[in-house]
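**Student:** Structure, please.
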Amino acid sequence: MAQSSGTAATSVWNRRFLLLGSISVSFGLSTEMVFTIFPLYLAYLGFHLAEIGIISGTYTFCILIMRLSSGYLIDLYGRRSMALTGLACFVLGLIGYVCFPLPLVTVLLRLLQGIGMSLATVTFSTMAADLLPSERFAEGIGYFGLFSTIGSMFGSIFGLYLWENYPSARLFLLVGIFSGLAWLLTTRMNYEQGQEMKHRVHPEKIPLTNGMLGLFDAFFEKTALLPGMIMLLYAFPMGGLMTFLFPFATSLGVSGLTAIYATQAACLIFSRLQAAALAKRFGVKNTLTAGMLITTTALLLMAFATNKTILLLAAGFYGIGGGLCFPLLNIMAVEKAPSQRRGKANSTYMAASDLGASLGAFTLGFAATYIGYRGVFFFCCLVLLFDLLLMRFKLEQRQAKLL
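**Tutor:** Got it, this is the predicted structure:
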């Protein structure tokens, strides 16, 4: 009996974790459907390419700003209440798209969704860190990432398919069904009231009157700064790539992007499943190096792409590289943080990712006007190679300090 109890205590696959995974899948479907549809919807409303890039970057920047306070709010006021608030903001934005199909209102509603998405995603990641046993933490974080990946995969495919066949603002109501389901499931996540969390998490009220040091301590977790810095540079190409993939493929005469999104997502899932084992065998530094080099190869293929076959190959490489880098950097950001500061660790890491994507959307949107899509992809390769050198130098430096 003692052995059975010990196995249950260290099990990843318990009822709460599966419930949280279901929430993540539902919300991942919603966010990715909107992320895929929204640039096309803006073009449908008459926005130009540069304006779409600015709006996409502004949305991501809004998420960034909210991330910085999300961790503090989550640690202070609790996980479930902040998750429900974030989901409510996201759903209100979806309803507003249908009721008020005006350009300015649409932009403002998108910013409201940025606030909601930031609160919800940081909270869900923090919940996962709360629920996972320390012995299975790295493995569990990898599995949790799969839930959102699955939601994102089907969300992008489903969203693109629906828009290509039924372009209408009413599609956002369909997205609202998945967001509403996530909200209902979140009401069942009451683990903070349990005895387990009373001993593990004690949200701290950090005084904001201690100058810059107090502000930094309130909104940032120092253990997440290094993986956050690496993630910022890694996310830079994503901001432009996801925004301009559709017009780039159109310029090549390529249609049916569903297969490209599906290939990228399938490869991402496959490599995520291998990431923890590869890091254990070859080390985190070497596994991240492989992931970044594979991602760079994907961007080089994009730069030379002339047909759908090359785009599919690039999507596969991009998925494999991301599947190796995303979970390992996420684990690095959270595993050393105190339990009462996990919200801040998650928000620090995610804010860095959002900043990178936001800078990518802004910068690459304008750059594409002057150097073209292929020039943008070459530039992104240089950014990733710099990130690779920085990552190896910093990890070797940190390792030397421990010797």
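**Student:** and the longest helix anywhere in the chain, how far from the chain's centre?
**Tutor:** The single longest helix within the chain, with elements called by DSSP state H, is helix 342-402. Helix 342-402 sits 14 Å away from the centroid of its parent chain (CA atoms, centre = their mean, to the nearest Å).
**Student:** helices or strands next to that helix in the packing?
**Tutor:** For helix 342-402, the packing partners by 3 or more CB pairs under 8 Å, 6 or more residues apart in numbering; DSSP states H and E come out as helix 49-77, helix 103-131, helix 211-219, helix 225-251, helix 284-304, helix 308-334. No exception for glycine: its C-beta is placed from N, CA and C like everyone else's.
**Student:** can we see that at 7 Å?
**Tutor:** Packing contacts for helix 342-402, counted by 3 or more CB pairs under 7 Å, 6 or more residues apart in numbering; DSSP states H and E, involve helix 49-77, helix 103-131, helix 225-251, helix 284-304, helix 308-334.
**Student:** so it versus helix 49-77, what angle?
**Tutor:** Here the directions of helix 342-402 and helix 49-77 differ by 90 degrees (axes from the mean of the first three to the mean of the last three CA atoms, to 10 degrees).
**Student:** Just want the angle from helix 342-402 to helix 308-334.
**Tutor:** Counting by the same axes, to 10 degrees, helix 342-402 lies at 90 degrees to helix 308-334.
**Student:** Going forward, the N-terminal residue is numbered 9.
**Tutor:** From this message on, residue numbering opens at 9, which makes the last subject helix 350-410.
**Student:** Report the mean confidence score over helix 350-410.
**Tutor:** For helix 350-410, mean pLDDT rounds to 82.
**Student:** Kindly report the same for stretch 196-209.
**Tutor:** On average, stretch 196-209 scores 55.
**Student:** for the helices and strands packed on helix 350-410, which one sits closest to Ile268?
**Tutor:** With CB to CB as the criterion, Ile268 lies closest to helix 316-342 of those, at 4.8 Å.
**Student:** hmm, back to that, and the angle for the longest helix of the chain with helix 292-312?
**Tutor:** 110 degrees.
**Student:** Test my guess that Leu92 contacts Thr194.
**Tutor:** Yes: using CB atoms under 7 Å, Leu92 makes contact with Thr194 at a distance of 5.7 Å.
**Student:** and the two? which has more neighbours close in?
**Tutor:** The neighbour comparison of Leu92 against Thr194 (other CB atoms under 10 Å) goes to Thr194, with 25 against 18.
**Student:** Flag the shaky bits of the stretch 9-158 of the chain, pLDDT-wise.
**Tutor:** Residue ranges of the stretch 9-158 of the chain with pLDDT under 70: 9-19, 57, 61, 65, 68, 146.
**Student:** go again using 50 as the cut-off
**Tutor:** Applying pLDDT under 50 to the stretch 9-158 of the chain picks out residues 9-16.
**Student:** before we move on, back to that, show me the one of the helices and strands packed on helix 350-410 that comes nearest Ala376.
**Tutor:** Among those, helix 233-259 comes nearest to Ala376, with 6.2 Å by CB to CB.
**Student:** who does that closest one touch, helix- and strand-wise?
**Tutor:** helix 57-85, helix 316-342, helix 350-410.
**Student:** Just the buried positions in it, please.
**Tutor:** Buried residues in helix 233-259, defined by neighbour count with 16 or more other CB atoms under 10 Å: 234-254, 256-257.
**Student:** again with stretch 373-387
**Tutor:** Across stretch 373-387, burial judged by 16+ other CB under 10 Å covers 373, 375-376, 381, 384-387.
**Student:** number of nearby residues for the nearest residue to Ser126 once chain neighbours are set aside?
**Tutor:** Among residues not flanking Ser126 along the chain, Met74 sits closest, at 3.8 Å (CB to CB, 6 or more residues apart in numbering). Burial of Met74 is recorded as 24 neighbouring residues (other CB under 10 Å).
**Student:** Over to Ile73?
**Tutor:** Ile73: 17 neighbours (other CB under 10 Å).
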